[in-house]
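Asker: pasting a predicted model and its sequence here:
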Amino acid sequence: MSEPVIEISGLQNCLGGQWVHTDVNLKVEKGEIIAIIGGSGSGKTTILRSLLMLLKPTGGSVKVFGEEVTTLSGNKANEVRRRWGMMFQHSALFSTMTVLENITFPMREFTTLEPKFMEELAMLKIALVGLPKEAASKYPSELSGGMQRRAAAARALAMDPELLFLDEPTTGLDPRSARLFDELVVFLRDSLNLTVVMISHDIESMKHCADRVAFIGEGKILSIAPIEELMKNPHPLIIDYFSKI
Amino acid sequence: MANPNFTFDTETNCYLCEGSWSVLKLDDLLGKIDFSTLPEEKTIKINGEPLIKFDSSGALALRNCLDQLKSKNKEVELINFNKQQLDLLKLVEKDRDSLIYKAPPVTERPFLYRLGKETVNKIEQADGFIILLGDLSSKFFEALGYWRRFQLPSIVSNLYSAGVQALPIVALLAFLIGVVLAYQMGLQLQTYGANIFIAYLSGMAIFREFAPLITAIIVAGRTSSAFTAQLGSMKINEEIDALNTMGLSPTELLVMPKVVALLFVFPLLIFWADVFGIIGAMIMSKWMLGVGYIDYLARLKDSVGLKQMMLGLYKAPAFALIIALVGCFQGFQVEPKGATIGIQTTKSVVQALFLIIVADAIYSIIYSRMGI
């Protein structure tokens, strides 16, 4: 087995005088779909932000593609950044660009591809995430919430990343769109050989697509297992989390 | 990682896909391939063995290669591609039609259409402005009967941000304008030896025009834009809608405190600017023309006097209303979906300045009619 795509060990985060994480350990292998769950305020997004170099952890080590990202800077950091894609909770599409421009934007910045080729490539991503062709020339504000998510996913895939981060991808979508999105995630993993890390509250979604689910509580990962197994875990926090379903 | 390459290997008699066919490395690979000299055989083999990396952009590039070859009536056979690479290629092949991007046709509207649309647009804006003014007036008079509705804390915080925090910059700019004015006038007066008239000239100019205008420009830049940005982000955040659904009036809660605060603080700011403008002029007069401070102030009192200063201060309510209302109105114009705060903020400052100068001109006409 090759080295893990993500390796977090002993991660500590202290935000605003409060310990969010005391000891987080997580390993993600290539090709896996990992979901991170936990109660509100348990630090799910903070893990993602530490991974994405948006937040410098208080302590511990975070390795992505074998590189220690906590100390990475400059060109090295940008090289790593180009190998992943992130889909933000509220899409974070650039509002002044059309969907197509949003997707070609990173290509225009980083490559010297021909404009026509870039358009084709962007249209491929649009087709891949299941957006209709007409959506390409629309502005994000003209799209519905579900379509914005898809467009955001397409932008995250623009540079053919090896690693995809999703922050609550199905929250706020209707059940059907949510299931379609789950299928999309699995399809992308299979066809593009992606590794996916997602934060989710959607149990259905985890049942459908997550290989393993990591439960965060008390500042660390309490358990990491497939969802059915996790639901049988006797830890009080986990029982509490699933008790109202 | 190695650069991608597409070369013909004479030994094995097939094309080799080499290096990493990935989006970061691909560059203009297709443009570099020479399709004019092809081997004789009917079937061309493409070997994928030397590939290091092959992503969806690589698949798309390979598909375009295949298209080129097929258009030259050649059969193509892919060898030594692994399953995943072939899957990617299939994926690209599958949605062939949907990959062609057609930009929507830009419809050029006729001139009359645009003129009409712009007219309607402007009329609607004026309409909205008048509605806001009317709403504000009715809320104001209702509130007069019940003083609690004046939102005192909000008024005080606006007084602080629009008034107190503006004091340093108003003082500095008024002082500099005073210096500049005295200098320019002094140059002329000196040639006639009429040095002492500097007090009259600069005093008149500062009291009646410069102090009110400079104050208005600063406040329009600082406060009108701040109002727009504040209300605009509240609108995007659906806070305005939240107030409406609670049966509360955004005009009363958000606009009125700002208008009242600005109405109150504006004359004070003009007076502040008067003081510093005169100080600037006074220092320049002493330095350049040798007019002493005592002489200057005595002359200012005799020949200019309080009456001229009041004529400047009378402009305050009009300017304050313009700035507060334009700022708030443009804030309400922000559209939650389009993220237009930037545009509306610019508009609010430009419109406020425009209206201030128009109002100033109207004041001049009125004063000249009254013969003062």
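Answerer: All right, it came through fine.
Asker: is the lowest-mean-pLDDT helix or strand in chain B positioned near chain A?
Answerer: Least confident helix or strand of chain B, by mean pLDDT, DSSP states H and E, is helix B:29-32 with a mean of 72. Yes: judged by C-beta under 8 Å from any C-beta of the partner chain, helix B:29-32 comes into contact with chain A through B:30-31. Heads up, the C-betas are built off the backbone N, CA and C, glycines and all.
Asker: please enumerate the strands of chain A.
Answerer: Using DSSP state E, the strands of chain A run over residues A:6-15, A:18-28, A:33-38, A:59-64, A:67-68, A:84-87, A:163-167, A:195-199, A:212-217, A:220-225.
Asker: burial check on residue 161, number of neighbours?
Answerer: In the absence of a named chain, chain A is used. Neighbourhood size, residue A:161 [other C-beta atoms under 10 Å in any protein chain shown]: 20.
Asker: look at chain B instead
Answerer: 17.
Asker: which residue, neighbours along the chain excluded, lies closest to it?
Answerer: residue B:226 (7.2 Å; C-beta to C-beta, 6 or more residues apart in numbering or on different chains).
Asker: pull out the buried positions in the least confident helix or strand of chain B.
Answerer: B:29-30 (16 or more other C-beta atoms under 10 Å in any protein chain shown).
Asker: chain A against chain B: which residues are in contact?
Answerer: With the criterion set to C-beta under 8 Å from any C-beta, chain A comes near chain B through A:82, A:95-96, A:100, A:107, A:110-114, A:117, A:119-128, A:133, A:136-137, A:139, A:141, A:159-160, A:191-193.
Asker: now those residues: which count as buried?
Answerer: Using 16+ other C-beta under 10 Å as the burial test, those include A:82, A:100, A:107, A:111, A:113, A:117, A:119-128, A:133, A:136, A:139, A:159-160, A:192 as buried.
Asker: and chain B, which residues reach chain A?
Answerer: So far as C-beta under 8 Å from any C-beta goes, chain B lies against chain A at B:22-24, B:26-28, B:30-31, B:55-57, B:60-61, B:64, B:84, B:87-88, B:91-92, B:95, B:98-101, B:103-104, B:337-339.
Asker: in helices, which of these fall?
Answerer: B:30-31, B:56-57, B:60-61, B:64, B:84, B:87-88, B:91-92 (DSSP state H).
Asker: now, which of those residues sits nearest residue B:17?
Answerer: Proximity of those to residue B:17 (C-beta to C-beta) peaks at residue B:61, which lies at 9.4 Å.
Asker: what count of nearby residues applies to the closest one?
Answerer: 26.
Asker: residue contacts, it?
Answerer: Going by C-beta atoms under 8 Å, 6 or more residues apart in numbering or on different chains, residue B:61 touches A:117, B:4, B:21, B:26, B:29-30.
Asker: one more pass at 7 Å, please.
Answerer: B:21, B:26, B:29-30 (C-beta atoms under 7 Å, 6 or more residues apart in numbering or on different chains).
Asker: name the nearest residue to the residue nearest to the spatial centre of chain A, sequence neighbours excluded.
Answerer: Residue closest to the average C-alpha location in chain A (C-alpha atoms, centre = their mean): residue A:165, at 1.7 Å. Nearest residue to residue A:165 in three dimensions, chain neighbours excluded: residue A:86, at 4.5 Å (C-beta to C-beta, 6+ apart).
Asker: what about the one you found, neighbour count?
Answerer: 20.
Asker: wait, residue A:154 sits on residue A:125?
Answerer: Yes: at 4.2 Å, residue A:154 counts as touching residue A:125 under the criterion of C-beta atoms under 7 Å.
Asker: show the contacting residues for residue 216.
Answerer: Looking at chain A here, since you left the chain open. Counting by C-beta under 7 Å, 6+ apart, residue A:216 touches A:36, A:38, A:42-44.
Asker: not quite, I wanted chain B
Answerer: Contacts of residue B:216 (C-beta under 7 Å, 6+ apart): B:319, B:356.
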